Every structure is written in structure tokens, then in C-alpha cells.
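Trainee: here is a sequence together with a model predicted from it:
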Amino acid sequence: MILIPRIVIAGTHSGCGKTTVASGIMAALTARGLNVQPFKVGPDFIDPSHHSRICGRESRNLDPFMMGEDGCLETFARASAGADIAVIEGVMGMYDGVDGTDMCSTAHVACILKSPVILVVDVKGMSRSVHALISGFRAFDPSVNLAGVIVNRIGSPRHREMIESAGTIRSFGWIPRNDSIGLASRHLGLVMAHESDSLKTAGAVIEEHADLDGMIAASHSAPPLTVPIPATASLNPTIRVGIAWDRAFCFYYPDNFDRLREAGAELVFFSPLTEHLPDVDAVYIGGGYPELHLPALEFSPCTQELKQKVQQDLPVYAECGGLIYLARELQAEKTYRMAGVLSADAEMTKRIQGLGYVKGSIFSDVTILASGTQFAGHEFHYSRLLPDTDVRYAMKLTRGRGIDAGNDGIMAGTALAGYTHAYFSKTMALGLIESARRYQKN
């Protein structure tokens, strides 16, 4: 049994101000000297980057589709060790889950964690009607512990009075409309944390206009959790795995790094934008925004070296942005030469080409992962891969689009690259480390 003070910040819908409010709460608690452990419901990479920057602790995803319910509990407990309070930002509207179900919704995760929930309600354009909305959220699923609401985008003192007079649930905050503390968006969502510090300023707004003491008290009402702690023993790091990490490649699940370390990896972070490929036994290239840095990538030392290293059997695993980086060329506003590892070209598009959860398995042994290895993950991309007709696929998806109608994971020697952002199972991490070990021996 573990006892961790915690609150879930949910929203009525996407765009209600949930990220700004949740980040502001994290910032205000941190400013008070509390050690805040942040989390994000769902597969998103961008919001956690802001959480981590604000709290000084790595934000973790909590996603039952990819992790299972026990996996959510295990990650929550492990990441919260040493924290004073955990703040979990929800996803979309509170009850919005996979395929119109409750699965993977904010409410689902709140129930897994037995956590009180504070609902962010955007009241722009309404007054008394908001109470009908809140009553519906409150009654829809009685198993959700809705502790109260934060009323967001109040237009004036009179606006607050009209809403407050008919209130039926505790309010933890009355946040005035302030467009200056939001974040700009681009094709994959909000800008990354290294591009803007504006959410840090939300902490002062929360401190002034919200009942932070009340939220802390609510977090302490959360009951103890029974957490299934799996037997894990990190091996001595005997394998060096290069992790592409810079402004172009920054979409990773922190749990994947933990899995690799547990499997015996020392992680070596490097920048494909500016650095040579390091002396490692395998390379992991995640997603991100390579399309925003094409001139630098085209002439970087790493780009020049990757193909030769794969020809020398260096294992390379790449996802989404990493996939198009390994192509021969990428067509954006103009054509840029990429690493040339894959027999394929890529192009950026104006419309989403793939979005949603992914499930699949490896179906070929001629790769760096064993046939039958199962995986779950997510895809979200505005690019399209144009492979040669003789390319070989290694991943068959039972859910998701991948590169082409359920085929994902192009093989090129010891390189494997697909659109799936995989959440690593222990089996998948061990498979990648075993391929690195074979390379090291040879």
C-alpha cells in the first residue's frame, strides 16, 4: 500500500484551458516549495514537456491502452517516489475515451488512481447554464470522485457573481480570461517547452485566483493505493544505446528509457542536428519535428554517417520523425536530402495522415526484434512515406494505419523504422538490447 497525495485536473472538452490550469497549479505548488510529480493522461508528448520544465521532475504518461491498468499504477507509484504531491493532467473531455468508450479517458485513469478530480469549466459565453453542464458531469458516472471545479475565463466580476449565486458544487478557482498565458499551436499540437516559458506564468494566476490550499487538502483525501510492483532488477549497463535528443527529435516515453536501462543499457544522448553519431551499440531515434530543422539535418555529421553504420550492422530503431529522417529525401517546401538508410522518400502533407492508437506485432525474424514481439503505441503525423515497391515490412498492425494500410516498420539491414510511437514492453526492450549485444560482439 502506498499513500501519495494526488489530484486529477480534468476538462469539459479540449480547449477549455485544462493544460494552462494544470500547468499553473504545478507551477504554483512548485513555487511554494513542494516537490510536484506531474503526469499526463494519454499518449501526448508535448504537454509533458511543459510539466517537466515547470516541476523539475520528468512528467510521465498514464495510458491504460498502452500500459494496462496495472502499468498505470506501477508507473504512478514509481515516478511519485519522493514527491509531496502528484498532479495529473487529463486528456480531452473528462469522459472521452477510445472509440466512444470510457477506456483511457481521464475518468478511467482517475478511477484507477482513486484520485479526486477537479473539473476545468470554460464559462466564456454563458453564466447560469454552466451549472447544468456541471450537474451532468457530476451525475454521469458516480464512481468518479468529482471534488469540485475551476471556473475558467471569467469575463468580469459581474460574470462571476451571476455564476456563483447558483453554484451547487465547490469551486477551487475563478480564473479571469487572460489570452497572454496560452500557448501557440502547430500541426502536432502546442509548441514544445523549449520554445516557450509562458505556462510558467500561469502559476501566479493560480496563486491569485484559485484556492490552492483547498486543492492540497483535496489531494490528501485520496486513499492508499495497492500497487502491483513487478520484480525488476536493472542489469549492469554493458550496452551503449544512442538516443537522438534535440529540438528535432524529442518525442519519447520516459518509461521506454527505464525499460532500456533495466535491460542493461547505458543511454547516450546526442543531437543529430549538430553532432557525429556517437560510439554506441544501437541507436534509438524518436519522433519530433525534423521538418522544422531540415537545412541543419541535411548537412549534419550524423546524417552523413548513419547509412554507413547501418551497412556495418549497427541496430537502429526509429519512430515517426525518425522514420522520415532515415528516408532518402524529404519533400517539404523544397526537397532535402536525408540519411538514405531506407529505400523510400517522404513528403510533408497539409492533412493528418495517421492519428490514433496502434496495436501490432513483429512478423519477420529478419529484423532487430524477434518475430511475434507484440507492441502497443500511438501514431500522429502529417507526413507520408513513399517506399519503393520491394521494401520489406516487419510490423503488422491490427489497429492503426502505419506506413501503408496496416503495414509498418520498414526493414533495411539492421534498421527498423515505422510511424508507430511504441510504448516498450520488457520483451521489446530486451529484444533491442539483444540486437545491440550481437553487434557489440561482432
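Mentor: Perfect, thanks for sending it. Numbering: from 1, shown residues only.

Trainee: I'd say V41 and V91 touch.
Mentor: Yes. The criterion here is CB atoms under 8 Å, and V41 meets it with V91 at 4.4 Å. Yep, even glycine has a C-beta here, placed from its N, CA and C like the rest.

Trainee: give me the common contacts of the two.
Mentor: Taking CB atoms under 8 Å, 6 or more residues apart in numbering as the contact criterion, the common neighbours of V41 and V91 are 104-106.

Trainee: and the closest residue to R259 other than its chain neighbours, which of the three is it?
Mentor: Excluding the flanking residues, the one nearest R259 by CB to CB, 6 or more residues apart in numbering is A429, at 3.7 Å. Secondary structure, DSSP: H, G, I helix; E, B strand; the rest coil: A429 is helix.

Trainee: pull the contacting residues for A429.
Mentor: 256, 259-260, 262-263.

Trainee: go again using 7 Å as the cut-off
Mentor: 259-260, 263 (CB atoms under 7 Å, 6 or more residues apart in numbering).

Trainee: got JSON lines for the residues you listed, with pLDDT, distance to E347 and secondary structure too?
Mentor: Compiled in JSON lines, those are given as follows (pLDDT from 0 to 100; distance: CB to CB, whole Å; DSSP: H, G, I helix; E, B strand; the rest coil):
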{"residue": "R259", "pLDDT": "96", "distance to E347": "33", "secondary structure": "helix"}
{"residue": "L260", "pLDDT": "97", "distance to E347": "31", "secondary structure": "helix"}
{"residue": "A263", "pLDDT": "95", "distance to E347": "35", "secondary structure": "coil"}
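
Trainee: contacts for the helix or strand containing K307?
Mentor: For K307, the host element (DSSP states H and E) is helix 301-311. Residues from elsewhere that reach helix 301-311 (CB under 7 Å, 6+ apart): 272, 275-277, 297, 316, 338-341, 412-415.

Trainee: name only those of those that count as buried.
Mentor: Among the contacts of helix 301-311, those classed as buried by neighbour count (16 or more other CB atoms under 10 Å) are 272, 277, 297, 316, 338-341, 412-415.

Trainee: and which of those residues is nearest I112?
Mentor: Ranked by distance to I112 (CB to CB), those are led by V316 at 35.4 Å.

Trainee: before we move on, the earlier item: distance from the helix holding K307 to the middle of the chain?
Mentor: Centre-to-centre, helix 301-311 and its host chain are 28 Å apart (CA atoms, centre = their mean, to the nearest Å).

Trainee: buried sites along that helix?
Mentor: Going by neighbour count (16+ other CB under 10 Å), the buried part of helix 301-311 is 302-303, 306-307, 309-310.

Trainee: need the next SSE after it, C-terminal direction.
Mentor: Assigned by DSSP H and E, the successor of helix 301-311 is strand 316-319.

Trainee: parallel or antiparallel, which strands does that next one pair with?
Mentor: strand 282-285 (parallel), strand 415-418 (parallel) (DSSP bridges).

Trainee: packing partners of the next helix or strand after that strand?
Mentor: Using DSSP H and E, the helix or strand that follows strand 316-319 in sequence is helix 321-325. Applying 3 or more CB pairs under 7 Å, 6 or more residues apart in numbering; DSSP states H and E, one finds that helix 321-325 contacts strand 249-251, strand 287-288, strand 383-387, strand 415-418.

Trainee: which stretches of the stretch 51-200 of the chain form helices?
Mentor: 64-80, 106-112, 129-140, 157-164 (DSSP state H, counting those that start in this stretch).

Trainee: quick check: which of those is nearest to M215?
Mentor: Among these, if distance is taken as CB to CB, the winner is helix 106-112, at 14.7 Å.

Trainee: just the CA coordinates of that closest one, formatted as PDB?
Mentor: What follows is helix 106-112, C-alpha atoms only, in PDB (Å, rounded to 0.1, in the frame of the first residue of the first chain):
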ATOM      1  CA  THR A 106      -9.500  11.000 -17.800                       C
ATOM      2  CA  ALA A 107     -12.300   9.500 -15.700                       C
ATOM      3  CA  HIS A 108     -10.900   6.000 -16.300                       C
ATOM      4  CA  VAL A 109      -7.400   6.900 -15.100                       C
ATOM      5  CA  ALA A 110      -8.900   8.900 -12.100                       C
ATOM      6  CA  CYS A 111     -10.700   5.700 -11.000                       C
ATOM      7  CA  ILE A 112      -7.600   3.600 -11.400                       C
END
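
Trainee: could you give the average pLDDT over that helix?
Mentor: Regarding helix 106-112, the rounded mean pLDDT is 98.

Trainee: report the distance from that helix to the chain centre.
Mentor: With CA atoms, centre = their mean, you get 17 Å for helix 106-112.

Trainee: and stretch 4-19, by the same measure?
Mentor: Counting by CA atoms, centre = their mean, stretch 4-19 is centred 16 Å from the centre of its parent chain.

Trainee: flag every buried residue along that stretch.
Mentor: 4-12, 16-19.

Trainee: now those as TSV including pLDDT and distance to M162?
Mentor: Output for these, formatted as TSV (pLDDT from 0 to 100; distance: CB to CB, whole Å):
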residue	pLDDT	distance to M162
I4	97	38
P5	98	34
R6	98	33
I7	98	27
V8	98	28
I9	98	25
A10	98	24
G11	98	22
T12	98	19
C16	96	19
G17	94	19
K18	96	23
T19	94	27
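
Trainee: in strands, which of the residues you listed appear?
Mentor: 6-11 (DSSP state E).

Trainee: returning to that earlier point: for K441, state which of the buried residues of helix 301-311 is nearest.
Mentor: Nearest to K441 among the buried residues of helix 301-311: K309, at 16.5 Å, using CB to CB.

Trainee: buried stuff in stretch 346-353?
Mentor: Quick answer for stretch 346-353 (16+ other CB under 10 Å): 346-348, 353.

Trainee: and this protein, split by domain according to the record?
Mentor: 6-219, 239-441 (automatic domain parsing).

Trainee: the stretch 151-300 of the chain: strands as residue ranges?
Mentor: Secondary structure of the stretch 151-300 of the chain (DSSP state E, counting those that start in this stretch): strands at 171-176, 185-186, 189-190, 239-244, 249-251, 265-270, 282-285, 287-288.

Trainee: between the ones you listed, which gets nearest to L326?
Mentor: strand 282-285 (7.4 Å).

Trainee: for that closest one, C-alpha coordinates in CSV please.
Mentor: Extracted in CSV, the C-alpha atoms of strand 282-285 (Å, rounded to 0.1, in the frame of the first residue of the first chain):
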residue,chain,number,x,y,z
ALA,A,282,22.5,0.7,-31.1
VAL,A,283,20.6,3.9,-31.9
TYR,A,284,17.0,5.0,-31.0
ILE,A,285,15.6,7.9,-33.0
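
Trainee: I'd like the average pLDDT over it.
Mentor: Per-residue scores along strand 282-285 average to 98.

Trainee: buried stuff in that strand?
Mentor: Buried residues in strand 282-285 (16+ other CB under 10 Å): 282-285.
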